[in-house]
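Participant: Quick one: sequence plus predicted model below, questions after.
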Amino acid sequence: MSARREAPARVILATSNPGKLREIAELLAPLPVPVVGLDALPGLRLPPEGDDYRANAIGKARAAAAFGGSPALGDDSGLEVDGLGGAPGPHSARYGGPGQDDAGRVARLLGELAGREGAARRARFVCAAALVTPEGRVVATRGECAGRIAPAPRGEGGFGYDPIFELDACGRTLAELAADEKHRVSHRARAFRALRPALLELLAGG
């Protein structure tokens, strides 16, 4: 019979984005330990991101787990727009270059789609989520959400591209949804919901 491990005292989320930290902590709640972001690990440098969501998520989580000595979560998300050949994809957070904020990235994307309708505005959000332990165990999941790019931003909630991502199911943008509604349908919700059982098992000392 294998010995049970001591349950960890925290879980690290490999992000410095406060909106993402809050959203993922809500998605995983309730947990018996706190979820902390990269502000709890001063000095950690995450690896550069490539073109693969899963590899990016695992790379972030692996770096945080090794540096912080605690189980770590990583995610990589992207918006794939049919009329842009699947761009910005894994480069969504860096779209438009260094120093660009969410509003600037949204404005650039809308500009590139100006005058284009129908199939060109079809899009999907993709999220890969990963759990990595300090010992190197890896669990990875994926979630997707289908929709289209709205003509202009709508809604006050969410972050990133949420104000221009209009859901097929209801015709509202992710930014127009209440938090509990978004947590039922978003790409990130689906990926982390699938990951939660493995995380709970780990936190129970399994």
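Facilitator: That came in fine, so what should we check first?

Participant: what ranges do the helices span in this protein?
Facilitator: 18-28, 53-68, 102-112, 179-185, 187-203 (DSSP state H).

Participant: any residues touching the first one, and which ones?
Facilitator: Spelled out, it's helix 18-28. 13, 15, 35, 37, 73, 75, 158-160, 179, 182-183, 188-189, 192-193, 196, 199 (C-beta atoms under 8 Å, 6 or more residues apart in numbering). Every C-beta, even on glycine, is put in place using the N, C-alpha and C of the backbone.

Participant: what do you get if the cut-off is 6 Å, keeping everything else the same?
Facilitator: For helix 18-28, contacts defined as C-beta atoms under 6 Å, 6 or more residues apart in numbering pick out 13, 15, 35, 37, 159, 183, 189, 192, 196.

Participant: from the residues you listed, which two are the most distant?
Facilitator: Distance extremes for those: the farthest pair is 159 and 196 at 21.5 Å, using C-beta to C-beta.

Participant: gap between the two ends of stretch 60-79?
Facilitator: The straight-line separation of the ends of stretch 60-79 (C-alpha to C-alpha, to the nearest Å) is 19 Å.

Participant: Report the buried residues of it.
Facilitator: 60-65, 67-68, 70-79 (16 or more other C-beta atoms under 10 Å).

Participant: Report the distance from it to the chain centre.
Facilitator: In terms of C-alpha atoms, centre = their mean, to the nearest Å, the centre of stretch 60-79 is found 11 Å from the chain centre.

Participant: which regions of the protein lie under the pLDDT threshold?
Facilitator: 1-7, 206 (pLDDT under 70).
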